[in-house]
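K.L.:
Show me the folded form of this:
(one chain, ligands or ions: 2)
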Amino acid sequence: MAIAREAEPVGSLKEVREAGLDREDLLDVYRNMLVTRGVEERGHILYRQGKIPGSFYTGRGNEAAAVGVATAMGTDDVGTPLHRDMGVHITRGVEPWRIFAQYMGRADGPTKGKDGNVHMADSNLGLLAMVSHLPAMLPVAVGCALAFRIREESRVAVAWFGEGASARGDTHEGMNFAGVRQLPVVFICDNNQWAYSTPTHLQYATEHVADRAQSYGFEGVVVDGTDVLAVYREAKRAIEKARAGGGPTLVECLTLRMEGHAVHDDAFYVPKDMFEEWAKNDPIERFRTWLRDNADMSDEEEDEITAGVKRLLTESMRRADESPMPDPATLLDGVYATPEDLDTPHHK
Ligand SMILES: Cc1ncc(C[n+]2csc(CCOP(=O)(O)OP(=O)(O)O)c2C)c(N)n1
Ligand SMILES: [Mg+2]
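P.N.:
Ligands and ions are numbered 1, 2, ... in the order given. Next up is the predicted model:
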């Protein structure tokens, strides 16, 4: 039996306005979702051209969940997005050419040509780069929330994790501590129903991952992760509640991972009818239809947005290709902190 609240879909333009988005914001959300998918589709081409070292991960099917949550964050809030959350980077304002540069290990990528292609974030935009070990970023986000509390800053930390990662101890430790201290943190579960080839019934025994929130002393919500407006509304509620001192929320965004775990995996183990069923709820197509039915998006507006995104991506790939490989002399830059540069009291 479900314990978490199961969120309703968002209906009218009026309801969306009440949740804080005007028509221009809605078109921006649509644009961000298109850019997100476009960056990953073009990244896939670069990979097949042999220009991307290592493997390559995409978040196809997760565009609404990632863009919806990031749209609800405040400028000074921080987040720890993962390998399915390109939409968070795009919505926070990372320029796509820097993402292509990152993919190709170039000097202008957010990590200046170091680390894996999705292990990135621009800290100037309030994002902390992931490490591979899942879900090691949850305690980091909880630590940020504790710092905000101690410094009396009106900021919220947003922490992403996959449903597979929810089986590991860091999830428990992070959520328990956040619940005990009622910290300003929102946990976002990207539940794409697979952890590599492991299906959900072999990952957790509750109906929803969000059902666990109750045992940590905070609210759990399950939302359709293909409905960008419902995700936005639930994330906004949770973030503002955290900011107002109401403690954490676990928001579970339910989607299907629409491709393999990474490009080397053809997802042969996912039943075909599952893909067919979820393809009917493609998040971008779904929002496009909503905009046309509810916000009078015209053919001209749509064409202009689509053409603008295409131009942006083409120009971004060209610019990224001009970015140099990192200078080997910079190999250790940024790896170790220089204590005298830190402003923490114990380093003075
Ligand atoms: C502690 C740890 N174990 C194993 C891995 C290898 N690994 C990377 S992604 C992944 C699947 C994670 O599944 P989930 O948390 O559902 O995220 P998804 O990839 O489905 O978005 C695994 C097993 C890892 N990165 N960290
Ligand atoms: Mg998963």
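
K.L.:
Now the element after the helix or strand harbouring Leu250, going C-ward?
P.N.:
Using DSSP states H and E, Leu250 maps to strand 249-254. Per DSSP H and E, the first helix or strand lying C-terminal to strand 249-254 is helix 272-279.

K.L.:
Could you list the buried residues of that following helix?
P.N.:
Neighbour counts over helix 272-279 (16 or more other C-beta atoms under 10 Å) mark Trp278 as buried. To be clear about C-beta, it is placed using only N, CA and C from the backbone, and glycine gets the same treatment.

K.L.:
now the next helix or strand after that helix against helix 272-279, angle please.
P.N.:
Remark: after helix 272-279, the chain's next helix or strand is helix 283-294, criterion DSSP H and E. Calculated by axes from the mean of the first three to the mean of the last three C-alpha atoms, to 10 degrees, helix 283-294 forms an angle of 40 degrees with helix 272-279.

K.L.:
Which strands or helices does helix 283-294 pack on?
P.N.:
On a contact count with 3 or more C-beta pairs under 8 Å, 6 or more residues apart in numbering; DSSP states H and E, helix 283-294 meets helix 23-48, helix 63-72, helix 228-243.

K.L.:
Isn't Thr226 up against Asn62?
P.N.:
No: checked against C-beta atoms under 8 Å, the pair Thr226 and Asn62 is beyond contact range at 9.1 Å.

K.L.:
out of these two, which sits in the busier spot?
P.N.:
Using other C-beta atoms under 10 Å as the criterion, Thr226 and Asn62 rank with Asn62 on top: 30 against 27.

K.L.:
ok, that one - contacts?
P.N.:
The contact partners of Asn62, taken as C-beta atoms under 8 Å, 6 or more residues apart in numbering, are Arg84, Asp85, Gly87, Asp190, Asn192, Gly225, Cys253, Thr255, Arg257, Pro283.

K.L.:
Distance check, the residue nearest to Thr80 when sequence neighbours are not counted against Pro339.
P.N.:
Nearest non-adjacent residue to Thr80, counting by C-beta to C-beta, 6 or more residues apart in numbering: Met137, 3.9 Å away. Counting by C-beta to C-beta, to the nearest Å, the gap from Met137 to Pro339 is 24 Å.

K.L.:
ditto for Cys189
P.N.:
Distance, Cys189 to Pro339, by C-beta to C-beta: 37 Å.

K.L.:
More neighbours: these two, which one.
P.N.:
Cys189 (28 against 10).

K.L.:
Now the more buried one: which helix or strand?
P.N.:
strand 185-191.

K.L.:
give me every residue that touches Ile305.
P.N.:
The neighbourhood of Ile305, defined by C-beta under 8 Å, 6+ apart, consists of Leu27, Tyr30, Arg31, Leu34.

K.L.:
In the stretch 201-348 of the chain, what residue comes closest to ligand 2?
P.N.:
Residue nearest to ligand 2 within the stretch 201-348 of the chain (C-beta to the ion): Arg257, separated by 6.1 Å.

K.L.:
What is the neighbour count of the residue of the stretch 51-200 of the chain found nearest ligand 1?
P.N.:
Closest residue of the stretch 51-200 of the chain to ligand 1, C-beta to the nearest ligand atom: Gly162 (2.2 Å). Neighbours of Gly162 under the rule other C-beta under 10 Å: 23.

K.L.:
Ok, Ser215 next?
P.N.:
Quick note: Ser215 (other C-beta under 10 Å) scores 14 neighbours.

K.L.:
Output the strand or helix carrying it as CSV, nothing but the C-alphas.
P.N.:
Under the criterion of DSSP H and E, Ser215 resides in helix 213-216. Presented in CSV, the C-alpha positions along helix 213-216 are these (Å, rounded to 0.1, in the frame of the first residue of the first chain):
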residue,chain,number,x,y,z
ALA,A,213,10.1,9.3,3.7
GLN,A,214,7.6,8.8,6.5
SER,A,215,10.0,6.7,8.5
TYR,A,216,12.6,9.5,8.3
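
K.L.:
For that helix, report the contacting residues that lie outside it.
P.N.:
In contact with helix 213-216 (C-beta under 8 Å, 6+ apart) are residues Ile3, Ala4, Met175, Asn176, Ala178, Gly179, Phe187, Glu219, Gly220, Pro248, Thr249, Leu250.

K.L.:
mind redoing it with 7 Å?
P.N.:
Residues from elsewhere that reach helix 213-216 (C-beta atoms under 7 Å, 6 or more residues apart in numbering): Ile3, Ala4, Met175, Asn176, Gly179, Glu219, Gly220, Leu250.

K.L.:
In the stretch 1-150 of the chain, which residue sits nearest ligand 2?
P.N.:
Across the stretch 1-150 of the chain, no residue is closer to ligand 2 than Arg84, which sits at 7.8 Å (C-beta to the ion).

K.L.:
Tally up the residues packed near that residue, please.
P.N.:
By other C-beta under 10 Å, 25 other residues sit near Arg84.

K.L.:
Hmm, it is touching Asp190, no?
P.N.:
Yes: in terms of C-beta atoms under 7 Å, Arg84 counts as a neighbour of Asp190; the distance is 5.1 Å.
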